[in-house]
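**Student:** return atomic coordinates for the entry below.
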Amino acid sequence: MPHLTSTDIAGRIEDLYGAPLADLEAHAQDQPPGMLSALLGMHRALALAERSIDFHRDHLARLIHPERQIGPHEVSHLLDGTRRLAEAVAVREAQATSVAAVLQSLARVPVPTSASPTSSPPAPAAPLVAQSASHSR
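**Tutor:** Okay, here's the model as predicted:
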């Protein structure tokens, strides 16, 4: 599966739902949880992981700048920054893989045209009468 960024995922969500991401987020706030809110949550987690990667990568670059001395104190910061960068990359990969798989399994439903015949919805089933297993006295 190709590496997808949060921007790629946002585009796929917009294509699937036929609206800009900001509009979809506003719409999802007024709805009960469902597939849209799950996709948006996964997108937010992916975008956060990407920002975290950028932050930790830049922090490590500052720590290992050629003009900077690396002493025993800085080594612990390097190790911590490297660990945090690795965690952010792992989160990004997991989120990107998951949301891409979900999006790949979904397809946009075509909007029915006025020329297509519309059928009436099936009649609701008759309610079942509840039968109690206990006998009345």
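**Student:** what sits against Ser37?
**Tutor:** Ala28, Gln31 (CB atoms under 8 Å, 6 or more residues apart in numbering). Placement of C-beta: from N, CA and C, glycine included.
**Student:** helix or strand for it, which one?
**Tutor:** Element membership of Ser37, judged by DSSP states H and E, is helix 35-63.
**Student:** quick check, central residue of this protein?
**Tutor:** Met42 (1.6 Å; CA atoms, centre = their mean).
**Student:** tell me the pLDDT of that residue.
**Tutor:** pLDDT recorded at Met42 is 93.
**Student:** before we move on, the earlier item: buried set for the helix holding Ser37?
**Tutor:** For helix 35-63, the neighbour count (16 or more other CB atoms under 10 Å) marks 36-37, 39-40, 42-43, 45-47, 49-50, 52-53, 56, 60, 63 as buried.
**Student:** and it, how far from the chain's centre?
**Tutor:** 11 Å (CA atoms, centre = their mean, to the nearest Å).
**Student:** again with stretch 18-33
**Tutor:** Counting by CA atoms, centre = their mean, stretch 18-33 comes out at 13 Å from the chain centroid.
**Student:** may I have the distance across it, first residue to last?
**Tutor:** The straight-line separation of the ends of stretch 18-33 (CA to CA, to the nearest Å) is 19 Å.
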